[in-house]
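Asker: Provided below for reference: sequence and predicted model.
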Amino acid sequence: MLDLRQHWDRAVAVVGARIGGRTSGSASSTRGTDMTDELSAYVLETWVDEPPAGADLRAATQPLARRGMQIGTDQGRVLHWLVRTLGATRTIEVGVFTGYSTMWTALALPDDGEVIACDVSEEWTSIGRPHWEAAGVADKIDLRLAPAADTLQSLIDDGRAGAFDFAFIDADKSNYDTYYELCLQLVRDGGVIAIDNVLWGGSVVDPMRTDADTEAIRAINAKVGSDDRVDACLLSIGDGVTLATKKP
Ligand SMILES: C[S@@+](CC[C@H](N)C(=O)[O-])C[C@H]1O[C@@H](n2cnc3c(N)ncnc32)[C@H](O)[C@@H]1O
């Protein structure tokens, strides 16, 4: 049986190997402030002005067994800020679920803005639609019910490469690399790709986790972290979000 120290050493070795041998060396990381319930409530109260339709959509998602797939309100606010800051008019969402992240993104767009929203579930996305209507953003959301890789490829085939300002990837993890490569073609120079769940509940540093989803997340982290085509960073909000800006 490995003791705690041995587990830690193995985890560091695994992560070091997976980020191309770049172990910490001279780098350092500040441990973030622990998000207690009180602090979390303070952040939401002070920084997040959630529209009533957003709260209603979260409430409508609560009865679902898979409700944990929904991004947090604080993360929705970050996406909203980012889309606004980019001056985005056209965005892509890969993984809609009940449409909470889609709503935050659409709210940040101008009236003639467009979200191409990709998902395969009629059941889950139909829960979102009345709430998109209530938020006044339904007309901006073009929901495409098909495997996301097919939808993204069809956009490229239709001549829309470079036409998007922002993409948010939050669907099946095993296809993250495919989604990243397709979105990299679809966003303009200076556009941003956000990738969700890149810490995967901490599994990325657990040497015992070798399932396909965990390996896919490790692979995309290693790739984007050293990809010369983008400037990238990781935000440790929620389950970890990578932000990658496409270089000219
Ligand atoms: C983590 S949830 C998305 C959560 C959403 N961004 C939110 O904040 O509420 C993942 C979604 O990806 C969808 N999905 C899974 N495989 C897919 C595929 N091949 N193509 C498109 N969507 C897929 C699922 O139906 C599910 O709704």
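Answerer: Structure received.
Asker: okay, and residue 217 sits in which element?
Answerer: Using DSSP states H and E, residue 217 falls within helix 212-225.
Asker: ok, residues contacting that helix?
Answerer: 18-20, 173-177, 180, 195, 197-198, 200, 203-204, 206, 230, 232, 234, 242, 244 (C-beta atoms under 8 Å, 6 or more residues apart in numbering). Quick note: C-beta positions are derived from backbone N, CA and C, even for glycine.
Asker: and the lengthiest strand in the chain, which strands flank it?
Answerer: When the chain is parsed with DSSP state E, its longest strand is strand 187-196. When pairing is defined by DSSP bridges, strand 187-196 lines up against strand 164-169 (parallel), strand 241-246 (antiparallel).
Asker: how much space separates the most centrally placed residue in the chain from residue 181?
Answerer: Per C-alpha atoms, centre = their mean, the C-alpha nearest to the average position across the chain is that of residue 196, at 2.9 Å. Using C-beta to C-beta, to the nearest Å, we find residue 196 at a distance of 17 Å from residue 181.
Asker: of the strands paired with strand 187-196, which is nearest the ligand?
Answerer: Nearest of the strands paired with strand 187-196 to the ligand, taken as C-beta to the nearest ligand atom: strand 164-169 at 6.9 Å.
Asker: ok, back up a step: which one of the strands paired with strand 187-196 is the most hemmed in?
Answerer: strand 164-169 (a mean of 26; mean count of other C-beta atoms under 10 Å).
Asker: ok, and what's touching that strand?
Answerer: 79, 82-83, 86-95, 101, 105, 116, 176, 179-180, 183, 186-188, 191-196.
Asker: now it against helix 212-225, angle please.
Answerer: Going by axes from the mean of the first three to the mean of the last three C-alpha atoms, to 10 degrees, strand 164-169 is angled at 150 degrees with respect to helix 212-225.
Asker: wait, does strand 164-169 contact the ligand?
Answerer: No - counting by C-beta under 6 Å from any ligand atom, the ligand is not contacted by strand 164-169; separation bottoms out at 6.9 Å.
Asker: what mean pLDDT would you report for that strand?
Answerer: Mean pLDDT, strand 164-169: 98.
Asker: equivalent analysis for stretch 211-219, please.
Answerer: In the prediction, stretch 211-219 has an average pLDDT of 98.
Asker: and it, C-alpha only, in PDB?
Answerer: The C-alpha trace of stretch 211-219 is given here as PDB (Å, rounded to 0.1, in the frame of the first residue of the first chain):
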ATOM      1  CA  ASP A 211     -10.200   6.000 -17.800                       C
ATOM      2  CA  ALA A 212     -10.800   7.500 -21.300                       C
ATOM      3  CA  ASP A 213     -12.300  10.700 -20.100                       C
ATOM      4  CA  THR A 214      -9.500  11.500 -17.700                       C
ATOM      5  CA  GLU A 215      -6.900  10.700 -20.300                       C
ATOM      6  CA  ALA A 216      -8.600  12.900 -22.800                       C
ATOM      7  CA  ILE A 217      -8.600  15.800 -20.300                       C
ATOM      8  CA  ARG A 218      -4.900  15.200 -19.600                       C
ATOM      9  CA  ALA A 219      -4.200  15.100 -23.300                       C
END
